[in-house]
Each structure stands twice: as C-alpha cells, then as structure tokens.
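1. Sequence first, predicted coordinates after that:
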Amino acid sequence: MINKYKEFLNQTNNQIAASILTLADIIKQKLNNIPDPVPEPTSIPDPKPIPEQPKFPISKEIIPKLGPNNKELKISDENIDVSNLRSQLQDGDHVLFERGKTFKGVFGELLSGTDESDFVIGSFGNGDIPAPTFICPPQEVFFTNFKASRKNIFIQDLEIIADRPNQETGDSALECLSGINRLIIQRCVINGFHNNLVIQSFKGSEINNISLINNQILNAYSFPDKGHSQGFYGEGINGLTILGNIFDHNGWNESFDDNATIFNHNIYLSDCNNILIEENYIENASSIGLKFASSGSDKSNNIQVINNKFFFGEVGISMGGNAKGPNRFVNILIESNSFDEIGSTQPTHRSLSWGIDAFDIKDGIIKDNKFFNTPNFDNTFLVRLGSDNNNVTEKNNV
C-alpha cells in the first residue's frame, strides 16, 4: 500500500511539473508576441502615463479636393515669412509645407474654399517623415474674422507649437469667429496655447459641419489672473464630429504651481447641436474632461458620446451647470465610455470624483459606462442625475 501511495505521489508531482512548464511556455509565447508600443509624438512634453495607449489611425479620413482652376503651393524654405503666403493664394488653393522641416511665424487670416476646391493648409513629402512643425509666437496662428463667411477648409498633418518663453497669454492655434460651413482639422498636433482651439459663433454667425479627426490637442494652459484655458472651446456649432483624438493636460501646466482651476477643461461645448464624440482619449484635464453648457431650453440637442476613454482630472462628463432650466439638453446618448482614476490626481486640490453629472436633460439614455479605480472621497459618485431630468434612462453603469 505504501509503495502504491508513493507511486501516486510521483505521478502527481510529474503532472504538476509538466503543467508548470506548459504554463511557462504559454506566458513566454505571449510575451514574445506583444506588439511594440505606439511611439510618442515628437517635440511635445511627455504626458502623464496612461493605462492604455491609443491605437491610431481611426479609419475615417476626409480627402480634400483641388479644383481645375486652383493650385498647390509647396513650401520648403524654412526661412520663409509664413505671414506673406496669403498674398500668393486665392480661395480654394492648397498650401503645403514640407515634412520634416520647421517653420516659424503665423499664417494669419484663413481664405475660403469654393464649391469646386477646398482651401487646404497641409503637408507634402514622405508620409514616414514627421509632419512639418510650426513654432509660433503667442498670437493666433490661423484665424477668421467675423466680416465674411467661409466654407470647405482643411487644416491637416501639421504640428503647431506655441512658443511662450515668458508664459504670455498665448492666444490660440485656431480662432474662428466668423460664419463657416465645413471645417476639417485632421492628424494635427496642437500644443501649448492659451486655448488650443476656439470655434465660436459671434454676432449671430452660423457655424456648421466641424470635424476634428485623429488630432492630439495638448497642454493648453493659462494662469488664474490671465483668463480661462481650454483644449477646445466650441460655441454655437451645428454639426460637430470629434473622432479619434487625444485631449491631454489641457487647462493647466504642471510646471507651474496652482494654475489648474475649476474653469479649465479639455473640451468645453456651449449651445452646440448635432454632436458625435466617439473613440477619443480625454485625460488629465484641469477640471472636467468633457463639459456641456446650455443657455436655455432646446439649445443643445442631439448629442452622442460613445466609446471614449477618460483618465484622471476631477470630472469625466458634465452636462448641466452654469445655469438652471428645463430641457436644456434634448435627445442625449452617453454610452460605452470608460472612466479611470477620475479625481485621483487632484489638479485643483479638491477631493472629489464625479464620473457623469447630468442635469436638465429631456429624452436621454446613459448606459453601459464603466468606472475603474475611483477614489473613495466623501464627494464621489459614478453617475448623478438631476431631479429636473425628463425621461432619462440610466442602466448598466458599473
């Protein structure tokens, strides 16, 4: 009996050893098959590490067209005065800067596209070479005034960096205050301005069909006595697509003490309609990752926020605030987003963690959102619905 028991133990030990070797082989094989990480963008400060790296590009891309009566102006001379290029162009032309080169200065007022040809500011050259870089003084690099409406404009494949040696106010990479129909910004890195992007209806101007695709909007910052700071501020837009972007560290700069405030955010949208925000990384906001505001009933309608990843900051999504009133946000879908460590970094030194804060909504669905590593502050919630919501469904948020 004893010999049989010893034989059983030997067989069992051999099986366990074989299982351990098999498991080790499996782990080794999986480690060998891990893909290389996505490279960091060039010439920008390293952002705070995030749990997961984005996978680019999103398949969606919009191709600009060049009309038969328009030209491509290709720029290779790094010493050129960029501000003088406008005089060589007409509406619908394409001005392209050579990849791998660095240019200084600002372009100034944008021209318009036409029905036959889009106006394009972009790049040319080997696509494996980094995008052309603009080192810009603290003023608007591209702007539109409110005297004329424009249409069919592309800004693409550029790296635009604010040169703020004395931390001046910095203005914006793009400030659009005029009427515009169809503006596409894609595959750009925009870094370090006071407000990186501002697209705002002014004096009744109509702004329609704005697309931000596969951009990196980074490190906008200001100081409390110099005004608020946003990664992207949009107001009065009808038709807005925000797809496949990274919004990181907007509204503050960790190199300076106490410049994060409760008024600075990654994305701030006011009185905007017909919005799709999908597959973005929205992280490290001064306060709110994605803020919606509305000045009255039916001012912000048809909003979809789907499959985005939020990291850090104090608040993931805020819909409401600034004012009160019924039905300010109508026909809302917030679905399949993830929220990780919201509130853990305390940029404004407040102990709060708000995942989704939703007020004044009529006809809304908030579902299938996931929350991870949420700090256990007294002022913590995953989803908070205001008592003044009307026909809002909240389910499967964990």
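-> Thanks, I have the structure now. Remember, predicted model here, so these are calculated numbers, not experimental data. Numbering: from 1, shown residues only.
2. how about the helices of this protein, start to end?
-> 2-32 (DSSP state H).
3. which regions of it lie under the pLDDT threshold?
-> Counting by pLDDT under 70, the chain has low-confidence residues at 1-59, 146-147, 165-170.
4. who's in contact with Glu322?
-> Quick fix: residue 322 reads Asn, not Glu. Under the criterion of C-beta atoms under 8 Å, 6 or more residues apart in numbering, the neighbours of Asn322 are Ala293, Ser294. All C-beta spots, glycine's among them, are computed from the backbone N, C-alpha and C.
5. Quick check: phi and psi at it.
-> phi 70, psi -40 (degrees, to the nearest 10).
6. Can we start the residue count at 20 from this point?
-> Renumbered: residue one is now 20, and that last one reads Asn341.
7. tally of neighbours for the residue nearest to Val417 when sequence neighbours are not counted?
-> In this structure, Val417 finds its nearest non-sequential neighbour in Lys389, 6.3 Å apart by C-beta to C-beta, 6 or more residues apart in numbering. As a burial measure, Lys389 scores 15 neighbours (other C-beta atoms under 10 Å).
8. distance of Lys389 from Gly335?
-> Going from Lys389 to Gly335 by C-beta to C-beta, to the nearest Å gives 11 Å.
9. can you list residues touching both of these two?
-> In terms of C-beta under 8 Å, 6+ apart, Lys389 and Gly335 are both contacted by the residues Asn356, Phe358.
10. Can you get me a residue count around Ser102?
-> Neighbours of Ser102 under the rule other C-beta under 10 Å: 12.
11. give the contact list for it.
-> Ser102 sits next to Gly124, Val125, Phe126, Gly127 when contact means C-beta under 8 Å, 6+ apart.
12. Out of these, which comes closest to Asn234?
-> Phe126 (17.5 Å; C-beta to C-beta).
13. Compute the number of surrounding residues for that closest one.
-> Phe126: 23 surrounding residues under other C-beta under 10 Å.
14. Verify the stated contact: it with Ile99.
-> No - contact between Phe126 and Ile99 fails when scored by C-beta atoms under 8 Å: they sit 11.2 Å apart.
15. shared neighbours of the two, which are they?
-> Among the neighbours of Phe126, none is also in contact with Ile99 (C-beta under 8 Å, 6+ apart).
16. what's the closest non-adjacent residue to Thr133?
-> Nearest to Thr133 is Gly111, by C-beta to C-beta, 6+ apart, at 4.2 Å.
17. tally of neighbours for the one you found?
-> Neighbour count of Gly111, defined by other C-beta under 10 Å: 23.
18. And it, how far from Ser131?
-> Separation of Gly111 from Ser131 (C-beta to C-beta): 8 Å.
19. Need the residues touching each of these two.
-> Residues touching both Gly111 and Ser131 by C-beta under 8 Å, 6+ apart: Phe138, Asn171.
20. Show me which positions of stretch 86-103 end up buried.
-> Using 16 or more other C-beta atoms under 10 Å as the test for burial, stretch 86-103 gives Gly86, Asn89, Ile94, Val101.
21. so what's the first one up against?
-> Counting by C-beta under 8 Å, 6+ apart, Gly86 touches Gly111, Thr133, Glu135, Ser136.
22. any chance of those residues in TSV, plus distance to Ile281?
-> Shown next, in TSV, are the contacts of Gly86 (distance: C-beta to C-beta, whole Å):
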residue	distance to Ile281
Gly111	44
Thr133	44
Glu135	47
Ser136	45
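23. Between all of those residues, which two are separated the most?
-> Using C-beta to C-beta, the two most remote members of the contacts of Gly86 are Gly111 and Glu135, lying 6.7 Å apart.
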